[in-house]
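K.L.:
fold the following and give me the result.
(one chain, ligands or ions: 1)
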Amino acid sequence: MHIANPGRLAGWLAVTLVLAFGLLLAPAVLAQETADRETATAVVGVTPDTWRLVRSGEVDANFRDSRADSNYNLVNASGEGWRQWRNRWVSPFGLIAIGGMALMIAIFYLLVGRKTLDEPRTGRLLLRWSVLTRALHWSVATLFILLALSGLNLLYGKFVFRPLFGDAIWGAMVSASKVAHNYLGPLFGVLLVVLLLKLLRHNLPSREDLTWFKKGGGLTGKGHVEAGFANAGEKVWYWLLATAGVAVILSGFVLDFPNFGQGRDTMQWANLIHALGALGLTAVALGHIYIGTLGTEGSFEGMKSGYVDESWAKEHHSLWYEEVKESAETPPAPAQAPPPEDGTLPQRPT
Ligand code: HEM
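P.N.:
Below you'll find the model as predicted:
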């Protein structure tokens, strides 16, 4: 091959090499420049050791966050403590409590089964729950379930739905959960307090509660334990809601309205109390829902229609039955269509 002008070619090669070398070096040079600029603008004397002090919570006027009238340290060391508590203790506690409860219910159902009525139904009904109580109960129950699902999604959803659906769908899911949780929470709080006030007189402790506990509520076996309007098990559920439930509501308000001057540490405490209480209650609620549906014959229809059969009342709430038995009523039979006047047999609808 004949090269017309070897000198010129060598010149082009040299230029190309210099350009390529320059391109390779450019990022390193730029980074160095950025670092130099940062060093020039940083506070004089701030070294990695200073940052370590700030991070460890060392108090110094210079380490303060100067935004607004905040008196926080620049790096809030307690935030890391909160994160560890949430991830190492609260999240596993929820999984163990809720998963453990679901497993126990499944085993109990397989071993013991549904508690059916010992005596046949008499067909005479007693009013147990007024329309107002039922409306309150079902509103609180629906809101609780929505709050539980959105709350569980906020805590655990990223491990399940993010890998399943990808970032875009997961992002929409988690922000919808957050908005729903923030708005439904206060409504649940108000309605739960009204329900608790309405049921208070039935849930005051009484002497027969001790016997009920000693006999395990008659959960297994054939016998029945004496109880008034609410048995000791229901009273436990009531007082859990009146204590842990109210703590969940109050801490929820602290988290929902951060504009009342509460500090970051208060919010972190509120978050831990809220999550622990809500996860514990969700686990116990599974037991309540099981007993109110699959677990006990006749309970659900009471909360649905307001009326329970006399036999159910006698077996589950004998002391209450003694108080109200005179008011038992036989519901009117469903109205029969009158026979046609011309004596022909009624036609079946086609
Ligand atoms: C789908 C879910 C639920 C079902 C099927 C259900 C079912 C029932 C039933 C059947 C009763 C009446 C028991 C009886 O007559 O003795 C009852 C009572 C009650 N439920 Fe629920 N429930 C559910 C969810 C909830 C939730 C989430 C809460 C609270 C957060 C709740 C709070 C109560 C309270 C306070 C009582 C009254 C017990 C007492 O007198 O102390 N329920 N439920």
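K.L.:
what is the neighbour count of residue 181?
P.N.:
Summarising burial for residue 181: neighbours were counted as other CB atoms under 10 Å, giving 21. (Glycine included, C-beta is placed from N, CA and C.)
K.L.:
how near is residue 78 to residue 333?
P.N.:
Counting by CB to CB, to the nearest Å, the gap between residue 78 and residue 333 amounts to 69 Å.
K.L.:
quick one: which of these two has more around it?
P.N.:
Just comparing residue 78 and residue 333: by other CB under 10 Å the higher neighbour count belongs to residue 78, 15 against 6.
K.L.:
that one against residue 268, yeah?
P.N.:
Yes - taking contact to mean CB atoms under 8 Å, the distance of 6.6 Å between residue 78 and residue 268 places them in contact.
K.L.:
quick check, central residue of this protein?
P.N.:
residue 148 (2.9 Å; CA atoms, centre = their mean).
K.L.:
for the stretch 51-200 of the chain, what lies in contact range of the ligand?
P.N.:
The stretch 51-200 of the chain has residues 128, 137, 140-141, 144, 199 near the ligand, with proximity defined as CB under 6 Å from any ligand atom.
K.L.:
now, the most widely separated pair of the residues you listed?
P.N.:
Comparing all pairs in those by CB to CB, the longest separation belongs to 128 and 144, at 21.1 Å.
K.L.:
and the contacts of stretch 245-252?
P.N.:
Under the contact criterion CB atoms under 8 Å, 6 or more residues apart in numbering, stretch 245-252 has outside partners 185-186, 188-189, 192-193, 196, 269-271, 273-274, 277-278, 281.
K.L.:
do it and the ligand meet at all?
P.N.:
No - using CB under 6 Å from any ligand atom, we find that stretch 245-252 stays clear of the ligand, coming within 6.6 Å at best.
K.L.:
for the helix or strand hosting residue 78, packing partners?
P.N.:
According to DSSP states H and E, residue 78 maps onto helix 77-85. Under the contact criterion of 3 or more CB pairs under 8 Å, 6 or more residues apart in numbering; DSSP states H and E, the helices and strands touching helix 77-85 comprise helix 264-290.
K.L.:
give the buried residues for the helix holding residue 78.
P.N.:
Using 16 or more other CB atoms under 10 Å as the burial criterion, the residues of helix 77-85 that qualify are 82, 85.
K.L.:
for the closest residue to residue 299 other than its chain neighbours, which residues are in contact?
P.N.:
Excluding the flanking residues, the one nearest residue 299 by CB to CB, 6 or more residues apart in numbering is residue 292, at 5.1 Å. The neighbourhood of residue 292, defined by CB under 8 Å, 6+ apart, consists of 299-300, 303.
K.L.:
now the helices for the stretch 101-250 of the chain?
P.N.:
Here the stretch 101-250 of the chain has its helices, by DSSP state H, counting those that start in this stretch, at 131-165, 167-199, 208-214, 232-240, 246-256.
K.L.:
dump these into TSV; add mean pLDDT as well.
P.N.:
TSV is the format used below for the helices of the stretch 101-250 of the chain (pLDDT from 0 to 100):
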stretch	mean pLDDT
helix 131-165	98
helix 167-199	98
helix 208-214	93
helix 232-240	97
helix 246-256	98
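K.L.:
redo the ones you listed as JSON lines? Include distance to residue 45.
P.N.:
Output for the helices of the stretch 101-250 of the chain, formatted as JSON lines (distance: least, CB to CB, whole Å):
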{"stretch": "helix 131-165", "distance to residue 45": "41"}
{"stretch": "helix 167-199", "distance to residue 45": "42"}
{"stretch": "helix 208-214", "distance to residue 45": "67"}
{"stretch": "helix 232-240", "distance to residue 45": "56"}
{"stretch": "helix 246-256", "distance to residue 45": "39"}
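K.L.:
among those, which is nearest residue 123?
P.N.:
Residue 123 lies closest, by CB to CB, to one member of the helices of the stretch 101-250 of the chain: helix 131-165, at 21.5 Å.
K.L.:
the closest one packs against which elements?
P.N.:
helix 91-111, helix 167-199, helix 264-290, helix 299-305.
K.L.:
distance between it and the chain's centre?
P.N.:
In terms of CA atoms, centre = their mean, to the nearest Å, the centre of helix 131-165 is set 6 Å apart from its chain centre.
K.L.:
just stretch 84-91 next, same as before
P.N.:
What separates the centre of stretch 84-91 from the centre of its chain is 16 Å, taken as CA atoms, centre = their mean.
K.L.:
can you pull the buried residues of it?
P.N.:
Taking 16+ other CB under 10 Å as the basis for neighbour counts, the residues of stretch 84-91 that come out buried are 85-86, 90-91.
K.L.:
any idea which residue of the chain lies closest to the ligand?
P.N.:
With distances taken as CB to the nearest ligand atom, the chain approaches the ligand most closely at residue 292, which sits 2.8 Å away.
K.L.:
show me the contacts for the spatially closest residue to residue 294 that is not a sequence neighbour.
P.N.:
Distances taken as CB to CB, 6+ apart put residue 114 closest to residue 294, at 6.1 Å, once the chain neighbours are dropped. Taking CB under 8 Å, 6+ apart as the definition of contact, the neighbours of residue 114 are 294-297.
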